[in-house]
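In: Here is my input; please provide its structure:
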Amino acid sequence: QVKVVESGGSVVQPGGSLRLSCAASNFLVEYFAVGWFRQAPGKEREPVSCIIGRTGDTETYYTDSVKGRFTISRDNAKNTVALQMSSLGLDDTAVYYCATGPVPASWGQGTQVIVSP
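Out: Below is the predicted model of the structure:
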């Protein structure tokens, strides 16, 4: 059974940093696109970033609002994908989800990020 679990969410002050992790079970993330999404209170879920391609031929994408602040990366040895977030602002408050794996993609339960003074 494929499974995806997010972790790393927390409460952080504006300007702070967090590192989220997406851990996959029963499939290898290096063979699949991995996307991070987020859903803020009262808003629809939106894409944040994704990583595609095998090692050495990897492409990454970011939504405009996080470019230059967030970095997505993959650790094939640990079978995880991380989302390093810096310069966090109030608008980054959301539940962050990871989606990846064989079609249909598997979603995790989400990890809460709260940016608060």
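In: ok, the spatially most central residue of the chain - contacts?
Out: What sits nearest the mean C-alpha location of the chain, by C-alpha atoms, centre = their mean, is Trp36, with 3.4 Å. Neighbouring residues of Trp36 by C-beta atoms under 8 Å, 6 or more residues apart in numbering: Leu20, Cys22, Pro47, Val48, Ser49, Cys50, Ile72, Val81, Leu83, Tyr96, Tyr97, Cys98. The way it works is simple: take the backbone N, C-alpha and C, and place the C-beta from them, glycine included.
In: can you give me the helices for the protein?
Out: Read by DSSP state H, the chain holds no helices at all.
In: Show the secondary-structure elements that the lowest-mean-pLDDT helix or strand in it is packed against.
Out: Lowest by mean pLDDT, DSSP states H and E among the helices and strands of the chain is strand 106-107, with a mean of 93. Judged by 3 or more C-beta pairs under 8 Å, 6 or more residues apart in numbering; DSSP states H and E, the packing partners of strand 106-107 are strand 3-7, strand 94-100.
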